[in-house]
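# Sequence unavailable; structure follows:
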């Protein structure tokens, strides 16, 4: 039973690791024209979700194949449903935490396995765009993988995970500190996560605003405006948009370096395109450019599907109890002469074997 659960967890973890383009030839939207709002703009308003089982990067087994077969998609969706059912089964109260698997699926390991999966909502289906079940969010490079980092990019990424991450609250993640959404949910680019994948779009004559469910972020996209001076860095960057036919084109610069996507810095430029391709779907396309960090630009496509509202408040607690617990635990480890950033240890204090804690 345990081995079966582990094998399913391994499959789902690989599928859901998460966890960005010029439009691909295979993704031409159908001939649909969005209704106009009172300002004559294509109407993008409403609540939308990007929840999906499709991963950011493509499994190498698909090579340069953008779409999977119906049978492949059905297998992934079936495995996900089975995994959720098993993960949500009652836990034996006599079971010791040391008997739990070190890896419990969806990228969670060790103490992070304290949650079951009833609280997550990554979606139940593979992402479908124009009838295609997608193998990845990234569509360019053609292999669906993030391009290699430059030397500077590798240095920055290593610095982000350097030892000393437990020195103080400033070194913890933005999500832990309730400053910004986990991962890249708020964006740009706006990417799906394990839960809270809802967005509400509002339009006015001079601005498009996007309410992000995760950590209640709010993006402001100023229409037909000029970018702020480069010295002014903002959370989620400085987004300026304009309309090209039925498509909202948004260019974002001036992002704070703390928010950099996988090591990217404050000089990143993200170009997004929002096109409503049916009454129930917006095609969201994006390109990320940062030549200092990435060896080439990369692009992706995400389906924003109509969802039932409203979006409820995400009550990320300022000064939440986890933060003092994390830092207090690190101070105790330091008193014992142990490095909080050195990873799991066994009873003798030696590094734990792979797959244990």
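Cool, got the structure. Computed from a predicted structure; not experimentally measured.

# Residue ranges in the stretch 251-357 of the chain under the pLDDT threshold?
Applying pLDDT under 70 to the stretch 251-357 of the chain picks out residues 263, 265, 317-320, 342-357.

# Any chance you could list what contacts stretch 228-242?
Outside of stretch 228-242, the residues within contact range by CB atoms under 8 Å, 6 or more residues apart in numbering are 179-180, 186-188, 208, 217, 219-227, 248-257, 259, 266, 268, 270. Where C-beta positions appear, they are placed from N, C-alpha and C, glycine not excepted.

# and it, which residues are buried?
Within stretch 228-242, the residues scored as buried using 16 or more other CB atoms under 10 Å are 233, 236, 237, 238, 239, 240, 241.

# Confirm residue 248 sits in a strand?
Yes. Looking at residue 248 with DSSP: H, G, I helix; E, B strand; the rest coil, it is inside a strand.

# separation between it and residue 156?
Shown here: residue 248 relative to residue 156, a distance of 31 Å by CB to CB, to the nearest Å.

# These two - which one has more neighbours?
Legend: neighbour count by other CB atoms under 10 Å for residue 248 and residue 156, higher for residue 248 (24 against 19).

# Who does that one form a beta bridge with?
With DSSP bridges as the criterion, residue 248 is bridged to residue 243, residue 274.

# shouldn't it be in contact with residue 203?
No. Look at residue 248 against residue 203 with CB atoms under 8 Å: they stay out of range, at 9.1 Å.

# picking up where we left off before, tell me the one of the buried residues of stretch 228-242 nearest residue 45?
Closest approach between the buried residues of stretch 228-242 and residue 45, by CB to CB: residue 241, at 14.6 Å.

# What is the burial count for residue 136?
Counted with other CB under 10 Å, the burial measure for residue 136 works out to 21 neighbours.

# go on, the one 3 residues further on?
Other residues near residue 139 come to 24 when the count uses other CB under 10 Å.

# Likewise for residue 281?
19.

# residues in contact with it?
Residues near residue 281 by CB under 8 Å, 6+ apart: 129, 303, 304, 305, 306.

# ok now stretch 70-77, how far from the chain's centre?
22 Å (CA atoms, centre = their mean, to the nearest Å).

# show me where pLDDT drops low in the chain?
Scanning the chain with the threshold set as pLDDT under 70 gives 1-30, 97, 100-101, 110-118, 161-164, 263, 265, 317-320, 342-357.

# ok, the closest residue to residue 212 other than its chain neighbours to residue 137 distance?
Closest residue to residue 212 apart from its sequence neighbours, by CB to CB, 6 or more residues apart in numbering: residue 186 at 4.6 Å. As for residue 186, its distance to residue 137 is 16 Å (criterion: CB to CB).

# What segments of this structure are helices?
Assigned by DSSP state H, the helices in the chain fall at 2-16, 70-87, 151-160, 322-335.

# and residue 310, which of these is closest to it?
Among those, helix 70-87 comes nearest to residue 310, with 25.1 Å by CB to CB.

# Can you list the helices and strands that the closest one packs against?
Packing contacts for helix 70-87, counted by 3 or more CB pairs under 8 Å, 6 or more residues apart in numbering; DSSP states H and E, involve helix 2-16, strand 103-105, strand 132-134.

# now what about the last one, what contacts it?
Meaning strand 132-134. With CB under 8 Å, 6+ apart as the test, strand 132-134 has contacts from 26-27, 54, 66-70, 72-73, 126-128, 301.

# Turn these into TSV, columns for distance to residue 195 and neighbour count.
Below are the contacts of strand 132-134 laid out as TSV (distance: CB to CB, whole Å; neighbours: other CB atoms under 10 Å):
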residue	distance to residue 195	neighbour count
26	30	12
27	27	18
54	16	27
66	27	20
67	26	19
68	24	21
69	28	10
70	27	10
72	25	16
73	22	21
126	18	24
127	17	23
128	21	16
301	22	26
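
# which residue ranges form the strands in the stretch 251-357 of the chain?
Counting by DSSP state E, counting those that start in this stretch, the stretch 251-357 of the chain has strands at residues 269-278, 281-289, 298-306.

# Can you say which of the ones you listed is nearest to residue 141?
Taking the strands of the stretch 251-357 of the chain one by one with CB to CB, strand 298-306 is closest: 6.4 Å.

# by how many degrees do that closest one and strand 269-278 diverge?
If you take axes from the mean of the first three to the mean of the last three CA atoms, to 10 degrees, strand 298-306 sits at 40 degrees to strand 269-278.

# Okay, now the sheet partners of strand 298-306, with direction.
With DSSP bridges as the test, strand 298-306 is paired with strand 46-49 (antiparallel), strand 138-140 (antiparallel), strand 281-289 (antiparallel).
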